[in-house]
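Asker: Model the structure of this input:
(one chain, ligands or ions: 1)
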Amino acid sequence: MAILKIARMGHPVLATPAEQVADPKSPEICRLVKDMVETMIDANGAGLAAPQVHVPLAVVVFQAPEGRADPGLTEAERFDHTAPQTVLINPQIEVLSPEIEGGWEGCLSVPGLRGWVERPAHIRYRGVGLDGETIERVARGFHARVVQHECDHLLGRLYTSRMTDLSRLIFESEVRHFQ
Ligand code: NI
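Answerer: Below is the predicted model:
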């Protein structure tokens, strides 16, 4: 396994739509996913998309606690490194309700910054795992936010492009002033 170099905002790979994976069970995809998981953990991230490691394929990994989606929880409580890891290949998202929720987001490709992003609060997502089996889940709260953030990378979008109020693009160390 290897820790991969993470592309930073401005690198064209982050603005390029990802291609679908033809064979999710191939050894190349398996190795990519293992390296992505190692890279995500090393970088202390909640999720990582393949374009962030310079691979323009529709693959994301993330860690989000299920059943702990209460938006009233603090970020520290919601960010749980022991949460189950999920690998999603060729993911799709369906918005389940018009409810919108705001939250602070960070991104390993935009180091040191946080931005307030409003997103659909209730989604269903579907994709394929490394075993080729379909994964389908309904998600809310932090879980829904992480999945949408990672899938945006596959569209060539960073969270900054989802922001409607750029006065809420701030340094990580200053988030406390907004709480
Ligand atoms: Ni990101």
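
Asker: C-alpha from now on. contacts and neighbour counts both.
Answerer: Will do.

Asker: buried set for the lengthiest helix in the chain?
Answerer: Assignment by DSSP state H gives helix 27-42 as the longest helix of the chain. By 16 or more other CA atoms under 10 Å, the buried positions in helix 27-42 come out as 29, 32-41.

Asker: Then stretch 5-21?
Answerer: Buried positions in stretch 5-21, judged by neighbour count with 16+ other CA under 10 Å: 6-9, 13-18, 21.

Asker: Cross the residues you listed against helices and list the overlap.
Answerer: Per DSSP H, the subset of the buried residues of stretch 5-21 in helices is empty.

Asker: in this protein, which spans are strands?
Answerer: Using DSSP state E, the strands of the chain run over 47-49, 59-63, 85-95, 100-105, 113-120, 122-128, 134-140, 169-171.

Asker: So which of these has the densest surroundings on average?
Answerer: Ranked by average neighbour count under the criterion mean count of other CA atoms under 10 Å, these are headed by strand 47-49 at a mean of 28.

Asker: partners of it, with directions?
Answerer: Strand 47-49 has its sheet partners listed here by DSSP bridges as strand 59-63 (antiparallel).

Asker: any idea how far the residue nearest in space to the middle of the chain is from residue 89?
Answerer: Central residue of the chain (CA atoms, centre = their mean): residue 150, 2.7 Å from the mean position. To residue 89, residue 150 is 12 Å away according to CA to CA, to the nearest Å.

Asker: Find residues that contact each of these two.
Answerer: Common contacts of residue 150 and residue 89 (CA atoms under 8 Å, 6 or more residues apart in numbering): residue 60.

Asker: show me where pLDDT drops low in this protein?
Answerer: 65-83 (pLDDT under 70).

Asker: State the distance from the residue sitting furthest away from the middle of it to residue 103.
Answerer: Distance to the chain centre peaks in the chain at residue 177, reaching 24.9 Å (criterion: CA atoms, centre = their mean). The spacing between residue 177 and residue 103, counted by CA to CA, is 14 Å.

Asker: cool, and residue 12?
Answerer: Taking CA to CA as the criterion, residue 12 is separated from residue 103 by 26 Å.

Asker: again with residue 153
Answerer: Between residue 153 and residue 103 the computed distance is 18 Å (CA to CA).

Asker: Run a quick neighbour tally on the nearest residue to residue 31 once chain neighbours are set aside.
Answerer: Taking CA to CA, 6 or more residues apart in numbering, and ignoring the residues beside it in sequence, residue 31 has residue 1 as its nearest neighbour in space, at 7.4 Å. As a burial measure, residue 1 scores 12 neighbours (other CA atoms under 10 Å).

Asker: Residue 1 and residue 36 touch, don't they?
Answerer: No. Between residue 1 and residue 36 there is no contact under CA atoms under 8 Å: 9.2 Å.
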